[in-house]
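Engineer: Have a look; sequence and predicted model below, questions after that.
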Amino acid sequence: MAKTPRILTGQVAAITGAARGIGKETARAFVREGMKVAIGDLDLATAQETARELGGGTIALELNVTDRASVAAFLDAAEQQLGAVDVLVNNAGIMQLGPFITEDDATAQRQVDINVHGVMFGMKEILPRFQERGRGHLVNIASSAGKGGFPGGATYCGTKHFVVGVSEAVRGELRGSDIEVSVVMPGVVNTELAQGLQEARGVKNINPEDVAAAIVETLKQPRFDVYVPKSIGPISKVMNLLPRSGRDAGVPGGGRHRERRRCVGGG
């Protein structure tokens, strides 16, 4: 028998990198569910515009996910203004594409700082709060690239493999508690981030609203692996069963990606 979906009305959510893109649409979906939302972003002015647009008491707070003190201050301010945080969505990220061999160190370091340390800092700051209250739901935004690499995005793929791996490991450490962990793995999303990316073979591009809907669904009926669209899950399993030659046949060639980046503001 399916479990009764959880009611989200009145829950408090904090979302990193939510001034635009996936983060913004997730905030919008949360407000529709009656949740109280704090959006954090390095671009405070745009975050404030987004908060006014979304309404529902949404607040905007300045946030630099590469600075753990800033992450702590973001969560402190959210809880002071809205109440104890029930849900954290680690959404902020950056993607810069190009051949690995020509990637400069500053570009690689920036991706690691935001995509890896930004997620770690969010986890390390929110989980003790969840443990103290004995509940909470952590949602980490990874990518289908976290399950397999694609040419032209080596460092990005590596950071998203980290997000998937750390999420799975921490979920194991929390097993037996009432703290949920989910990792969201979208395909190519129609945002500024995806401009210049090829459509994945057999999987159509999706919209930020699709990712937001999947996040709402997993808050109501928790699960760990959240593929968007859901068809990526079976495809990923089949690909992993194929010999290397078969997997290579399904990977588009490198060198055809325009360089794009997603700033700390998120996807």
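Structural biologist: Alright, I've got the coordinates.

Engineer: Low-confidence regions, the stretch 101-250 of the chain specifically.
Structural biologist: 189-204, 231-250 (pLDDT under 70).

Engineer: Buried residues in the lengthiest helix in the chain, which are they?
Structural biologist: Secondary structure of the chain read by DSSP state H shows that its longest helix is helix 154-173. Using 16 or more other CB atoms under 10 Å as the test for burial, helix 154-173 gives 154-164, 166-167, 170-171. For every residue, glycine as well, the C-beta is placed using N, CA and C.

Engineer: same check, this time on stretch 6-22
Structural biologist: Taking 16+ other CB under 10 Å as the criterion, stretch 6-22 shows 8, 11-22 as buried.

Engineer: M123 versus Q131, what's the distance?
Structural biologist: For Q131, the distance to M123 equals 12 Å [CB to CB, to the nearest Å].

Engineer: quick one, strands of the stretch 1-150 of the chain?
Structural biologist: For the stretch 1-150 of the chain, the strands defined by DSSP state E, counting those that start in this stretch occupy 12-16, 36-41, 59-62, 87-90, 136-141.

Engineer: show me where the chain has helices.
Structural biologist: Remark: helices assigned in the chain by DSSP H are 21-32, 44-54, 68-82, 105-111, 118-133, 154-173, 208-220, 232-241, 244-249.

Engineer: Now distance to A92 too, for the ones you listed, in JSON lines please.
Structural biologist: Below are the helices of the chain laid out as JSON lines (distance: least, CB to CB, whole Å):
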{"stretch": "helix 21-32", "distance to A92": "7"}
{"stretch": "helix 44-54", "distance to A92": "11"}
{"stretch": "helix 68-82", "distance to A92": "10"}
{"stretch": "helix 105-111", "distance to A92": "12"}
{"stretch": "helix 118-133", "distance to A92": "5"}
{"stretch": "helix 154-173", "distance to A92": "12"}
{"stretch": "helix 208-220", "distance to A92": "14"}
{"stretch": "helix 232-241", "distance to A92": "22"}
{"stretch": "helix 244-249", "distance to A92": "30"}
